[in-house]
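Trainee: here are the coordinates; sequence isn't available:
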């Protein structure tokens, strides 16, 4: 669960630079919306989902602490895929977009989050999300 907290915090870190100013992932989404790159349909849904990342991270924590570790780990997988995918898009983007350390570290945290969520806290593949029953 600590990787989910780190991932949520990294969404606020500088993911890109324009000039000398760093921009978080949320500022990148806002800029893309202003340029009408994310209007309607699938891109608009992705932008809306991205704004809910802190809520998704909180839900992972609450479920893990108080309700169902199964659902917590399943949502942690979703969180890590969204985080890693978005960070990869920023890092792999062509110039003039310069990626910041936040996006690069977010890729590593997303991979670790996914691995911990799938393998489980005991570190045995027999306790994976896919093998458990709710």
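Mentor: That came through, no problem. A quick note: this is a predicted structure, and the numbers were derived from the prediction, not measured.

Trainee: Spatially central residue (nearest the centroid) of the chain, please.
Mentor: By C-alpha atoms, centre = their mean, the chain has its centre lying nearest to residue 83, at 2.1 Å.

Trainee: which ones are touching it?
Mentor: By C-beta atoms under 8 Å, 6 or more residues apart in numbering, the contact set of residue 83 is 7, 10-11, 53, 106, 109-110, 113. C-betas here are computed from N, CA, C, even on glycine.

Trainee: Dump those residues into JSON lines; add secondary structure and neighbour count as well.
Mentor: Shown next, in JSON lines, are those (DSSP: H, G, I helix; E, B strand; the rest coil; neighbours: other C-beta atoms under 10 Å):
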{"residue": "7", "secondary structure": "helix", "neighbour count": "27"}
{"residue": "10", "secondary structure": "helix", "neighbour count": "25"}
{"residue": "11", "secondary structure": "coil", "neighbour count": "23"}
{"residue": "53", "secondary structure": "helix", "neighbour count": "20"}
{"residue": "106", "secondary structure": "helix", "neighbour count": "28"}
{"residue": "109", "secondary structure": "helix", "neighbour count": "22"}
{"residue": "110", "secondary structure": "helix", "neighbour count": "24"}
{"residue": "113", "secondary structure": "helix", "neighbour count": "28"}
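
Trainee: for these, which one is nearest residue 63?
Mentor: residue 113 (14.6 Å; C-beta to C-beta).

Trainee: okay but the closest one is in contact with residue 7, surely?
Mentor: Yes. Using C-beta atoms under 8 Å, residue 113 is in contact with residue 7, at 5.8 Å.

Trainee: Mutual contacts of the two, please.
Mentor: 79-80, 83.

Trainee: Quick check: the gap between residue 32 and residue 117.
Mentor: For residue 32, the distance to residue 117 (C-beta to C-beta, to the nearest Å) stands at 28 Å.

Trainee: Those two - which one has more neighbours?
Mentor: Taking other C-beta atoms under 10 Å, residue 32 and residue 117 do not tie; residue 117 has more neighbours (24 against 14).
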